[in-house]
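>>> no sequence on hand, only this structure:
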């Protein structure tokens, strides 16, 4: 009996490891940027994300409840977030644009291909996401 329970637990653990490995491998495919934000105590947090370019802007796709998105929306022109893309650093603030979700999802699917499909299947549908346009902090009104 204990042997069967042990095998069952090992199988569940194995499935969890496979699930996490698939998400990690898919999410690290293609271009990945680093978003550096601060929490309410001033502690920095770096988050690795996918980025899409459209109409002269950089775009991120967020889940409204995600920690990085909640931290990002607290930043303003006086205290911008930092996006590290390759060797470039961009001081940015976020502009949520809900009407652009479908367009951003199409851009992400085109750019990240199978990785985008895998992440959507394993981590949740992007249709409920938030399209976030990154605006250079120096140009924010």
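Done, it's in. Model, not experiment: these values are computed from the prediction.

>>> helices along the chain, start to end?
2-27, 67-72, 101-112, 114-123 (DSSP state H).

>>> helices and strands of this protein: which one bottoms out on pLDDT?
Evaluated with mean pLDDT, DSSP states H and E, the helix-and-strand set of the chain has its lowest mean pLDDT in helix 2-27, which scores a mean of 64.

>>> what separation do you get for the residue most central in space within the chain and residue 112?
Residue closest to the average C-alpha location in the chain (CA atoms, centre = their mean): residue 49, at 4.0 Å. Plainly put, residue 49 is 11 Å away from residue 112 if you go by CB to CB, to the nearest Å. (Each C-beta comes from the backbone N, C-alpha and C, glycine too.)

>>> same check, this time on residue 91
Taking CB to CB as the criterion, residue 91 is separated from residue 112 by 25 Å.

>>> try residue 67
Distance, residue 67 to residue 112, by CB to CB: 22 Å.

>>> neighbour count winner among the two?
Under the neighbour definition other CB atoms under 10 Å, residue 67 and residue 112 were set side by side, and residue 112 has more, 20 against 12.

>>> shouldn't that one be in contact with residue 50?
Yes - shown here, residue 112 and residue 50 form a contact pair, counting by CB atoms under 8 Å, at 6.0 Å.

>>> list the buried ones in the longest strand seen in the chain?
Under DSSP state E, the strand in the chain containing the largest number of residues is strand 88-96. Neighbour-count burial for strand 88-96 flags 90-94 (criterion: 16 or more other CB atoms under 10 Å).

>>> same list, those, but as CSV with distance to residue 136 please.
As requested, those are exported to CSV (distance: CB to CB, whole Å):
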residue, distance to residue 136
90, 7
91, 7
92, 6
93, 8
94, 12
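
>>> low-confidence bits of the protein, can you list those?
11-30, 117-127, 140-141 (pLDDT under 70).

>>> alright, that wraps it up for me.
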